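1. Sharing a sequence plus its predicted fold:
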Amino acid sequence: MASSSVAADMELDRPNLEDYLPPDSLPQEAPRNLHLRDLLDISPVLTEAAGAIVDDSFTRCFKSNSPEPWNWNIYLFPLWCFGVVIRYGILFPLSCLFIVSTNWEVIEANITSKTFGVKRGFREAGGPVLNTCNRMVSIFCRLFFPVHFLLKGQDKLRSKIERKLVEMMCSVFVASWTGVIKYHGPRPSTRPHQVFVANHTSMIDFIILEQMTAFAVIMQKHPGWVGFIQKTILESVGCIWFNRNDLRDREVTARKLRDHVQQSDNNPLLIFPEGTCVNNQYTVMFKKGAFELGCAVCPIAIKYNKIFVDAFWNSKKQSFTMHLVRLMTSWAVVCDVWYLEPQYLREGETAIAFAERVRDMIAARAGLKKVPWDGYLKHNRPSPKHTEEK
Amino acid sequence: MGNASSMLTQYDIEEVQEHCNYLFSQQEIVSLYARFCQLDRSAKGFISEDEFLSIPEFSLNPLSKRLLRMVDGLNFKDFVAFLSTFSAKASLRQKIELIFKVYDIDGKGKITFKDLLEVLQDLTGSFMSEEQREQVVTKVLEEAGYTMDCAFSLEDFIQIIDHPGLKMEVEVPID
């Protein structure tokens, strides 16, 4: 897969042993004088191994750097304590209530509407705060599910409305963890034959982008309540599911991607070609699947500002729920989104070279460093094939 | 994960430093501790084989298996002692001793023809056949004046390998 550049680096150090074989096995130039010393000297190889033990570029991609503590001062410390109280005591419960009431209504309405058709009921919750939530939610429910069922005949209108509603839901979600997002560049348009690619830091990337335009996205199936939401709400925008561990799934998914892009009234497709969440300072190698579909590729660069919270979701260390809690208990999540120019496959360019070119653009825009590793190495070992190549 | 030094006291640092013969500065030892904790994900106190192999650069290295036998299950003090051979301040003799140990992985105290063949096999994989490898090693040994059933002791080995260009250094990043 992506080890050719690494293998190339290693080649430089090895003594070229093929030259020293006896002349009858290889008709080459006369063998040079090989000292026993050169044969025995494995120090370059050992140095590399030790270097990898001490620090390696792959693990660095997934390291979350802890922010410098600023509350060490006698004046700043009480301020920080006060901040903690507000964040955990006020903002967090507010966000929770907001989210829970919103989603609970949606989920409830979804379930009831599925069983009873158009009729659905929802709980009245008291309190002024909840009233606003409820109002928003009831608007959503009143519109979404009847629309979903009544307008079955008029697909175009229905999908338009559904799109708007999903966008609204995402805005609600973003507001719940106080997202401050700046969008730069022209908004994506809904045309066929285009695919959007972006770098990936956390599941919320998708929501931030979805808030602006309703994308269809290709995602890994998640367990738990996230999977539930994936199934119910995101199905309406036409998402594609896959399973990272299933090898055969790849072809099926590739076919689905191609079909999706061809149709003109599907929502534009968003792909995260890194394949996994990376800490917002590096980019790992892009998978070529997104670049082989024969259509325009529009890169999107996302960069989070670490000033209040580090938005990197280390899926090996935290569950998504804990990650959300961390986001909600911080003051704000600040990020920049840049929509870049659509790129086309150039003459004689392979899909991999195309992917690299787009990765260069995204890394340059968002100020990220590039690393020549395959994101899936986070979950699997490099196969023995690669070791042989070395 | 950043506050590694809070778990490592000044006494610990000095003890480790003494154990590695002062080849690392105290700051480097703190960095190495952070790295050790990063690799030892289940906080067992040593790094298992599996955790070493999760470093892609390491598992792609041809000599990874031999090195694993030497580093598997080391606690932090020994981990630092092992890596101290790669410090710029380490003596050439110490580095050559490590190379000797990599060849003589079963600790006989001598390197035999078989050991040479095995290391060559690790390095070349399927690029050369077994016969080709034997030919190369025999021929090279002959040219240097040794026969096939020779066995190198550490002193012989040092004499052969020692040359001014030998460098085996790794820098420990200090953040």
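-> Yep, that arrived.
2. going forward, measure contacts between C-alpha atoms and count neighbours the same way
-> OK.
3. ok, which stretches of chain A are helices?
-> A:4-11, A:36-40, A:43-54, A:57-60, A:76-86, A:92-116, A:128-150, A:155-176, A:204-212, A:225-232, A:249-262, A:320-328, A:351-366, A:384-389 (DSSP state H).
4. The helix or strand harbouring B:V30 and chain A, are they touching?
-> Counting by DSSP states H and E, the element that carries B:V30 is helix B:26-39. Yes. Judged by Cα under 8 Å from any Cα of the partner chain, helix B:26-39 comes into contact with chain A through B:32, B:35.
5. for that helix, packing partners?
-> Helix B:26-39 sits against helix B:10-19, helix B:76-84, with contacts defined as 3 or more Cα pairs under 8 Å, 6 or more residues apart in numbering or on different chains; DSSP states H and E.
6. what's the distance between whatever helix or strand comes next after it and the middle of its chain?
-> Downstream of helix B:26-39, the first helix or strand assigned by DSSP H and E is helix B:49-53. In terms of Cα atoms, centre = their mean, to the nearest Å, the centre of helix B:49-53 is set 15 Å apart from its chain centre.
7. could you point out which element follows helix B:49-53?
-> The C-terminal neighbour of helix B:49-53 among helices and strands, as given by DSSP H and E, is helix B:56-59.
8. mind giving me the domain ranges of chain B?
-> Segmentation of chain B into domains, based on the TED database, reads B:11-86, B:92-162.
9. And chain A, is the shortest one touching that?
-> Yes. Where contact is defined by Cα under 8 Å from any Cα, part of domain B:92-162 touches chain A, namely B:99, B:116, B:123-126, B:132, B:135-136, B:140-141, B:143-144, B:160-161.
10. Of these, which pair is most distant in space?
-> Farthest pair in those (Cα to Cα) is B:S126 and B:I160. Separation: 27.7 Å.
11. Show me which of those two is the more surrounded one.
-> Between B:S126 and B:I160, counting by other Cα atoms under 10 Å in any protein chain shown, B:I160 is the more crowded of the two (17 against 11).
12. and the more buried one, what does it touch?
-> Counting by Cα atoms under 8 Å, 6 or more residues apart in numbering or on different chains, B:I160 makes contact with A:36-37.
13. quick one: buried residues of the helix or strand where it lies?
-> Using DSSP H and E, B:I160 maps to helix B:154-161. For helix B:154-161, a neighbour-count test (16 or more other Cα atoms under 10 Å in any protein chain shown) marks B:154, B:157-158, B:160-161 as buried.
14. what do you get for stretch B:55-72?
-> B:55-64, B:66-68, B:71-72.
15. ditto for stretch B:108-123
-> So stretch B:108-123, judged by 16+ other Cα under 10 Å, has buried residues B:110-117, B:119-123.
16. for stretch A:38-58, what is the average pLDDT?
-> For stretch A:38-58, the mean per-residue pLDDT is 82.
17. same check, this time on stretch A:276-293
-> For stretch A:276-293, mean pLDDT rounds to 78.
18. Would you mind measuring the gap between the ends of it?
-> For stretch A:276-293, the first-to-last residue distance is 20 Å (Cα to Cα, to the nearest Å).
19. How about stretch B:137-150?
-> End to end - Cα to Cα - stretch B:137-150 spans 12 Å.
20. So which bits of that stretch are buried?
-> Those buried within stretch B:137-150 under the rule 16+ other Cα under 10 Å are B:137-141.
21. From those residues, which land in helices?
-> Going by DSSP H, the helices hold B:137-141 from the buried residues of stretch B:137-150.
22. Put together CSV for those, with pLDDT on each row.
-> Formatted as CSV, those follow (pLDDT from 0 to 100):
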residue, pLDDT
B:V137, 84
B:T138, 85
B:K139, 84
B:V140, 82
B:L141, 83
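23. residues making contact with stretch A:286-293?
-> By Cα under 8 Å, 6+ apart, stretch A:286-293 touches A:195, A:197, A:254, A:257-258, A:271, A:273-275, A:297, A:351-352, A:354-356, A:359, A:374-375.
24. Tell me the buried residues in that stretch?
-> So, applying 16+ other Cα under 10 Å, buried residues of stretch A:286-293: A:286-293.
25. for stretch A:296-314, same thing?
-> By neighbour count with 16+ other Cα under 10 Å, stretch A:296-314 contains the buried residues A:296-306, A:309-314.
26. Kindly report the same for stretch A:178-198.
-> Residues of stretch A:178-198 classed as buried: A:178-179, A:181, A:183, A:188, A:190, A:192-198 (neighbour count, 16+ other Cα under 10 Å).
27. pLDDT of it, averaged?
-> Stretch A:178-198 comes out at a mean pLDDT of 78.
28. Tell me how many other residues surround the closest residue in space to A:G367 that isn't next to it in sequence.
-> Leaving aside its chain neighbours, A:G367 sits nearest to A:Q281 (7.5 Å; criterion: Cα to Cα, 6 or more residues apart in numbering or on different chains). By other Cα under 10 Å, the residues close to A:Q281 number 20.
29. so A:Q281 touches A:V371, yeah?
-> No. Look at A:Q281 against A:V371 with Cα atoms under 8 Å: they stay out of range, at 10.3 Å.
30. contacting residues for residue 174?
-> The chain I'm using is chain A. A:V174 sits in contact with A:207-208, where contact means Cα under 8 Å, 6+ apart.
31. my question was about chain B
-> Going by Cα under 8 Å, 6+ apart, B:I174 touches B:27-28, B:31.
32. Please report how far B:D122 lies from A:L270.
-> Distance from B:D122 to A:L270, by Cα to Cα: 44 Å.
33. er, B:E15 actually
-> Distance from B:E15 to A:L270, by Cα to Cα: 54 Å.
34. of these two, who's got more company?
-> Neighbour count, other Cα under 10 Å: between B:E15 and A:L270, A:L270 has more, with 26 against 14.
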